[in-house]
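K.L.:
the following comprises the amino acid sequence and a computationally predicted model.
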Amino acid sequence: MRIALLFLVVLGTLGLGIATVSAQSGDAGAVQSLLGAGQQTVTVGDLLLDETFDSADAWEAYQQDSDINLKVAKGVYRMFTKIDGIVWGVNSLTHSDVVIEADTLQNSEELNNAYGVACRAGVDNDGTGYYFRISGDGYYNISRVDKDEIVKLVDWTQTEAVKQGQNRNHITAVCVGDYLALYVNDELVAETNDSTYTEGFAALSITAFAADNGNVNPTDVSFDNVRIYSAFSGNGSSGNNGSVASVVLDDYYSPDSAIRQLRDLNFIPRNSNLLFTEDYAYFTGQGNWFQPLASRMPRTNVVFAGELSFRVGNLDVWEQCTFSVGIQTNNNGTAVRYVDFGLSNAGEAFVLDRFSENQDSNYIVANGTYDLEYTHHVILVLVDGRASLFMDGQLVIQDFEVGRRSGSYGISLVGEGKDARCEGRDIWAYELP
């Protein structure tokens with residue numbers, strides 16, 4: 001029998017987390033297979049985070065006297081509380097539609113507790129969000145935590161899927177659109193729907209309960225191997241899964257035709273408007289070169305397109321020829337946040353989100369390579385913090401999560417050889433609602 005929870009607000013300093021993860025990392029295929037048990041079709045995309053807690057600042061650290069202690073120690077995230085209520089620790093990577101999985105180990109003896117993961121946790125660290133929890137006595141629950149109440153979307157229910165007591169469990173939480181699902185040790189135990197929260201942080205949580213005599217037995221749980229994957233509803237793919245190549249634009253050189261096809265394919269909403277066009281821009285030589293475009297027309301949701309020609313200067317070190325959107329600058333005029341998309345000197349197509357001055361960038365690399373002897377046409381669709389990339393009319397990256405922000409545009413070259421050259425032609429951009 002589960003008892004009502006008191007709501008405990010815990011404020012701490014956000015951990016920086018590991019932001020840069022290769023798109024090839026993780027076992028997205030196994031997660032995709034697991035989610036086939038759900039009532040709603042969910043496609044697993046890119047691995048956004050693979051946290052093994054090797055760094056002390058990998059997750060939020062917090063201590064409140066001897067009552068609460070959250071910290072990374074000995075390669076795990078250890079959470080302890082002896083106060084009645086929910087305690088949480090967040091990672092500072094903002095997300096929207098994701099699959100989160102984590103390994104857990106209950107260290108404390110008390111069975112009447114709760115622990116698990118949360119998605120779309122409040123960016124103000126106020127404890128709001130969706131919580132997916134299990135208990136030491138074999139129950140599970142999905143709750144929505146608001147600022148003033150806890151709403152049980154799926155009530156506490158017992159299941160044999162949970163390994164009770166001081167045991168290890170694997171938790172997988174699905175947050176895609178309004179669809180929420182909980183898997184315990186690779187077994188689907190709960191599904192529900194709620195549309196209150198659309199984005200936020202990932203969180204790990206524990207809960208201690210007061211007994212009838214008012215005493216609170218401590219809850220102590222370790223978390224490890226936390227992985228966060230992008231995801232979206234329906235069939236399809238993103239990132240490195242080759243099935244995205246089945247989406248092809250016919251006449252992608254014409255802005256009107258490309259926009260019309262993107263609308264018909266439901267990649268963009270209606271009522272888009274042309275922002276600007278640019279015939280030609282280029283850089284050549286060694287260095288980091290950047291040319292702003294339409295700097296007085298920043299937008300959040302855009303379609304940006306153009307042709308890229310890339311002459312490599314040095315194959316031994318990284319070079320890139322890219323367009324940029326979502327550019328924000330500091331007081332010195334230096335670009336500190338931006339989304340780059342285009343080609344590397346290895347012929348790889350990629351999208352890179354420089355979302356913070358203080359953290360590593362998120363990036364994704366598409367399948368295959370492109371012959372840099374030829375010019376390639378690039379289209380980036382950026383809607384509500386999700387980027388989709390078309391190369392020569394073919395969809396190669398879909399719904400890659402980037403920081404949602406308004407910014408301007410540009411073209412850039414990172415050249416490490418004197419012969420490096422990046423040319424952009426027939427550039428255009430449309431603003432979206």
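P.N.:
Happy to help now that I have it.
K.L.:
run through who's touching stretch 176-184.
P.N.:
34-35, 37-38, 40, 42, 97-99, 130, 132, 134, 140, 142, 153-154, 159, 161-162, 169-174, 188-195, 231-233 (Cβ atoms under 8 Å, 6 or more residues apart in numbering). Bear in mind the C-beta positions are built from the backbone N, C-alpha and C, glycine included.
K.L.:
and that stretch, average pLDDT?
P.N.:
Averaged over stretch 176-184, pLDDT sits at 95.
K.L.:
quick revisit: so which of the contacts of stretch 176-184 sit within strands?
P.N.:
The strands, defined by DSSP state E, take in 42, 98-99, 130, 132, 134, 140, 142, 153-154, 169-174, 188-193, 231-233 from the contacts of stretch 176-184.
K.L.:
what subset of the residues you listed is buried?
P.N.:
Neighbour counting with 16 or more other Cβ atoms under 10 Å marks 42, 98-99, 130, 132, 134, 140, 142, 153-154, 169, 171-174, 188-191, 231-232 as buried within the ones in strands among the contacts of stretch 176-184.
K.L.:
what helix or strand does Ala30 sit in?
P.N.:
helix 28-34 (DSSP states H and E).
K.L.:
point out the other helices and strands that that helix packs with.
P.N.:
If contacts are counted by 3 or more Cβ pairs under 8 Å, 6 or more residues apart in numbering; DSSP states H and E, helix 28-34 sits against strand 42-51.
K.L.:
can you give me how far the strand it packs on is from the chain middle?
P.N.:
Strand 42-51 sits 7 Å away from the centroid of its parent chain (Cα atoms, centre = their mean, to the nearest Å).
K.L.:
can you list the strands that that strand pairs with?
P.N.:
Within its sheet, and counting by DSSP bridges, strand 42-51 is paired with strand 219-233 (antiparallel).
K.L.:
got a list of contacts for the helix or strand following the partner strand?
P.N.:
Next along the chain after strand 219-233, taking DSSP H and E as the criterion, comes helix 255-264. With contact meaning Cβ under 8 Å, 6+ apart, helix 255-264 is reached by 249-252, 268-270, 272, 274, 277, 303, 305, 379, 381, 428, 430.
K.L.:
so which bits of helix 255-264 are buried?
P.N.:
255, 258-259, 261-262.
K.L.:
just checking, next helix/strand downstream of it?
P.N.:
strand 273-284.
K.L.:
tabulate the buried residues of helix 255-264 (JSON lines), appending distance to Ile68.
P.N.:
Shown next, in JSON lines, are the buried residues of helix 255-264 (distance: Cβ to Cβ, whole Å):
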{"residue": "Pro255", "distance to Ile68": "56"}
{"residue": "Ala258", "distance to Ile68": "54"}
{"residue": "Ile259", "distance to Ile68": "53"}
{"residue": "Gln261", "distance to Ile68": "54"}
{"residue": "Leu262", "distance to Ile68": "49"}
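K.L.:
next one: the helix holding Ala30 to chain centre, how far?
P.N.:
17 Å.
K.L.:
stretch 113-125 now?
P.N.:
Using Cα atoms, centre = their mean, the offset of stretch 113-125 from its chain centre is 15 Å.
K.L.:
give the rounded mean pLDDT of it.
P.N.:
The model assigns stretch 113-125 a mean pLDDT of 93.
K.L.:
over to stretch 204-213?
P.N.:
Here the average pLDDT along stretch 204-213 is 91.
K.L.:
ends of it, how far apart?
P.N.:
Stretch 204-213 has its terminal residues 28 Å apart, counting by Cα to Cα, to the nearest Å.
K.L.:
contacts for that stretch?
P.N.:
3, 5-6, 59, 77, 79-89, 102, 110, 112-118, 131, 133, 216-221, 223, 226.
K.L.:
now do the buried residues in it.
P.N.:
204-210.
K.L.:
check stretch 371-387 too.
P.N.:
Buried, per 16+ other Cβ under 10 Å, within stretch 371-387: 372, 376-383, 385-387.
K.L.:
CA atoms only: put it into PDB for me.
P.N.:
Only the C-alpha atoms of stretch 371-387 are listed here, as PDB (Å, rounded to 0.1, in the frame of the first residue of the first chain):
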ATOM      1  CA  ASP A 371      32.700  13.200 -53.000                       C
ATOM      2  CA  LEU A 372      34.100  16.700 -52.400                       C
ATOM      3  CA  GLU A 373      35.100  17.000 -56.100                       C
ATOM      4  CA  TYR A 374      31.400  17.900 -56.600                       C
ATOM      5  CA  THR A 375      29.100  20.700 -55.300                       C
ATOM      6  CA  HIS A 376      26.500  19.500 -52.800                       C
ATOM      7  CA  HIS A 377      23.100  21.000 -52.000                       C
ATOM      8  CA  VAL A 378      22.300  21.400 -48.300                       C
ATOM      9  CA  ILE A 379      18.900  22.100 -46.600                       C
ATOM     10  CA  LEU A 380      18.500  22.400 -42.900                       C
ATOM     11  CA  VAL A 381      15.000  22.400 -41.400                       C
ATOM     12  CA  LEU A 382      15.000  23.800 -37.900                       C
ATOM     13  CA  VAL A 383      11.700  23.700 -36.100                       C
ATOM     14  CA  ASP A 384      11.200  23.900 -32.300                       C
ATOM     15  CA  GLY A 385      14.700  22.800 -31.400                       C
ATOM     16  CA  ARG A 386      14.800  19.900 -33.900                       C
ATOM     17  CA  ALA A 387      17.100  19.900 -36.900                       C
END
